[in-house]
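1. Coordinates for the following, if possible.
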Amino acid sequence: MKTLPLQTQKGIKMKISPKTFNLITYISLAILILLLVGMLTKIIPPEYYIHTLIVAIALFVLRIILRIQMIGQSKSKSENEK
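-> So this is what the prediction gives:
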C-alpha cells in the first residue's frame with residue numbers, strides 16, 4: 001500500500017464554500033427544531049432524551065467547527081489578496 005509523501009499529507013486542507021456552509025447550517029437547524037418539537041410533543045420517548053441531547057450537541061459542535069474554518073478561510077483569502 002502506497003502512502004503519500006509527508007509534505008502533501010500536511011498540505012491538504014478542506015475548503016468549504018459559503019453555499020455549502022449555509023446549507024449545512026440550515027439543515028442542522030431544521031434537525032434541531034424537529035428534535036425539539038419531538039420532545040415537546042412527546043413523540044420522542046423520555047428515555048431517548050439523552051440520545052437526542054447528544055445529537056444536538058454534535059450538530060452544535062459541527063456548526064462551530066465549520067464556522068471557525070470559514071473564518072480561517074476568509075482570513076487566508078484576504079491575506080493572499082494583500
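
2. Ramachandran angles for residue 43?
-> Dihedral angles of residue 43 (phi, psi; degrees, to the nearest 10) stand at phi -70, psi -40.

3. list the contacts for it?
-> residue 37 (Cβ atoms under 8 Å, 6 or more residues apart in numbering). Just so you know, the C-beta spots here come from the backbone N, C-alpha and C atoms, and that holds for glycine as well.

4. Give me the pLDDT for the residue sitting nearest the centre point of the chain.
-> Taking Cα atoms, centre = their mean, the centroid of the chain lies closest to residue 62, which sits 2.9 Å from it. If you check residue 62, the pLDDT there is 91.

5. which non-adjacent residue is nearest it?
-> Once flanking residues are discounted, residue 62 sits nearest to residue 28: 6.7 Å by Cβ to Cβ, 6 or more residues apart in numbering.

6. which secondary structure elements does the host helix or strand of residue 61 contact?
-> Following DSSP states H and E, one finds residue 61 within helix 49-81. Applying 3 or more Cβ pairs under 8 Å, 6 or more residues apart in numbering; DSSP states H and E, one finds that helix 49-81 contacts helix 18-40.

7. got the angle for the helix it packs on vs helix 49-81?
-> Computed by axes from the mean of the first three to the mean of the last three Cα atoms, to 10 degrees, the angle separating helix 18-40 from helix 49-81 equals 160 degrees.

8. Low-confidence stretches in this protein?
-> 1-13, 81-82 (pLDDT under 70).

9. what about residue 67, how many neighbours?
-> 12 (other Cβ atoms under 10 Å).

10. Once you drop chain neighbours, what's closest to it?
-> Closest to residue 67 by Cβ to Cβ, 6+ apart is residue 21, at 7.9 Å.

11. sorry, back to before: spit out the contact partners of the residue nearest to residue 62.
-> 59, 62, 63 are the contacts of residue 28 under Cβ under 8 Å, 6+ apart.
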